[in-house]
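# 3D, please:
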Amino acid sequence: MNSKLGGIAGIFRRVRQVRETGLLFVLILLGIVLSFLTPVFFTGENFLNIFKQVTLVTIVACGQTFVLTSGGIDLSVGGILGLSSIIMAWTINHGMNTPGAIAVCLLFGTMVGITNGFLITKLRLPPFIITLGMASIAKGFVLVITKGYAIMLDNPFIIAIGQNSWGVFPVMVIFLPIVVIIAHWVYNYTIFGNRVKSIGGNETAARLSGINVKNNKIFTYALCGFLCGLAGLIITGRLNSGNPNAGTNFDMNSIGAVIVGGTSLSGGSGTIIGTMLGALLMGVISNGLVLLGVNMYWQTVATGAIIIVVCALDSFSQRKGDAYA
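I've put the predicted structure just below:
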C-alpha cells in the first residue's frame, strides 16, 4: 500500500513540475470564473472566437519561442507580418497568380528573418537593436507602398483561408494545431531544436562543442520570419485586404505569450505547448474583459497586470517544484 501511495505521490510531483500544468490550471480556473460572470463566455461560438483571436499570435509566438530560446529576441515580427501581407495583396492585384503570391509572401518573411539573423551574427550587434531597426524599416515600407490605405483584395482562395469554415471549425483555426505540433516536434525532437537550446544556455560552450552558432541563429530567425509570413497570409484573408495596421501589437503580444508560457528570457529553455497556452490565456483574458464590458483602456492595464501575476506564480511554482525534487 505504501509503495502504491508513494508511486501516486511521485506522479503528482512530476505533474506539478511540468511548466504547462500551472498555466493550464489558471486557464481552467479563469474559464470557470468567467462562465459565472457572463453566460455568453461558455458557448461554442465564443470559444471559436477566442481561437480565431489567438491563432495568429500563437503562430508568430512559436517562431518567437525559438528565437528567445537561442538567447535572442525579435521585435520585427509585427513589421514582417504586415509587410508580407501588403506585398501579397499588391502582387495579386498586379496580376500574379495565387500560388505565386503565396510563395512570395512566405519567401519574403523568410528572407527578412534571414537578414535579421545575418546582421546579428555578422555585425555582432544586439538582436534588440537589429530587429527594432528592421521593424521600423518594414513599417516604413508598408506606408510607402500603401500611402496609409488598405489594399483591397478580391481573391476567393485567400479570403477562404481567413473567413471560411470546414464544418464548425474556421479554416484559419486549423492552422493553429498544425503549426504547434510541427513546432513542438522540431523544438523537442530534432538536432536543430537541441542546438537552439544549447546556444541559448551557453553560447561559448555550444561553439566549443562544434555547433555552428551563426548558421543556427540565422536559421532560427528565418523560421520566425517564415511563420510571420504565414500569419501575414492568413490575416490578409481575414481582413480581405493588405492592411497597413495588420501587424500592430504582434511584437509585444508574441513575446508576452512566450514568456507567460514559460520560456526563459535569458534563453536555453522553453516550451511550444506553453507558448500556445500563454497565447490562449491572454486571449481568454481579453475576451472575458470585452464580454464584461470593461473599458478598452483598462483592458490593456488588466492584461499586463495579469501577465505579471502569472509569471510570478509560475516562478513560485518552479521553485517549489525544485524543492520537492
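# got the end-to-end distance for stretch 209-218?
Using CA to CA, to the nearest Å, the end-to-end distance of stretch 209-218 comes to 19 Å.
# just the buried residues of that stretch, please?
Under the neighbour-count criterion of 16 or more other CB atoms under 10 Å, stretch 209-218 has Ile211, Val213, Asn216, Lys217, Ile218 buried. C-beta here means a position set from N, CA and C on the backbone, and glycine is covered the same way.
# now go through those and say which are in strands.
Among the buried residues of stretch 209-218, no member falls in strands (criterion: DSSP state E).
# Gly72: which of the residues you listed is nearest?
Lys217 (6.8 Å; CB to CB).
# ok, the spatially closest residue to Trp90 that is not a sequence neighbour - contacts?
When the adjacent residues along the chain are set aside, Trp90 lies closest to Ile151, with 5.8 Å between them (CB to CB, 6 or more residues apart in numbering). Shown here is Ile151, whose contacts under the criterion CB atoms under 8 Å, 6 or more residues apart in numbering are Ile86, Ala89, Trp90, Asn93, Ile145, Ser241, Gly242.
# pLDDT score for the fourth one?
The predicted local confidence for Asn93 comes out at a pLDDT of 92.
# how about the fifth one?
Here the pLDDT value assigned to Ile145 is 93.
# just name whatever secondary elements the host helix or strand of it is in contact with.
Taking DSSP states H and E as the criterion, the element that holds Ile145 is helix 127-146. Using 3 or more CB pairs under 8 Å, 6 or more residues apart in numbering; DSSP states H and E as the contact criterion, the elements in contact with helix 127-146 are helix 77-93, helix 98-123.
# buried stuff in the last one?
So that's helix 98-123. Here helix 98-123 shows 101-102, 104-106, 108-110, 112-121 as buried, counting by 16+ other CB under 10 Å.
# likewise stretch 218-237?
218-237.
# which ones among those residues lie within helices?
218-237 (DSSP state H).
# still on that earlier bit, put together JSON lines for the contacts of Ile151, with neighbour count on each row.
Conversion of the contacts of Ile151 to JSON lines gives the following (neighbours: other CB atoms under 10 Å):
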{"residue": "Ile86", "neighbour count": "29"}
{"residue": "Ala89", "neighbour count": "28"}
{"residue": "Trp90", "neighbour count": "17"}
{"residue": "Asn93", "neighbour count": "15"}
{"residue": "Ile145", "neighbour count": "16"}
{"residue": "Ser241", "neighbour count": "21"}
{"residue": "Gly242", "neighbour count": "30"}
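# for those, work out which two are farthest apart.
Using CB to CB, those reach their maximum pairwise distance at Ile145 and Ser241, which is 12.8 Å.
# show me the shaky parts of the stretch 1-150 of the chain.
Under the criterion of pLDDT under 70, the regions of the stretch 1-150 of the chain flagged as low confidence span 1-19.
# repeat that with 80
Judged by pLDDT under 80, the stretch 1-150 of the chain has its weakly predicted residues at 1-20, 22.
# now, among the contacts of Ile151, which is nearest to Phe157?
Of all the contacts of Ile151, Ala89 has the smallest distance to Phe157: 13.1 Å, by CB to CB.
# distance of that closest one relative to Gly247?
Distance from Ala89 to Gly247, counting by CB to CB, to the nearest Å: 13 Å.
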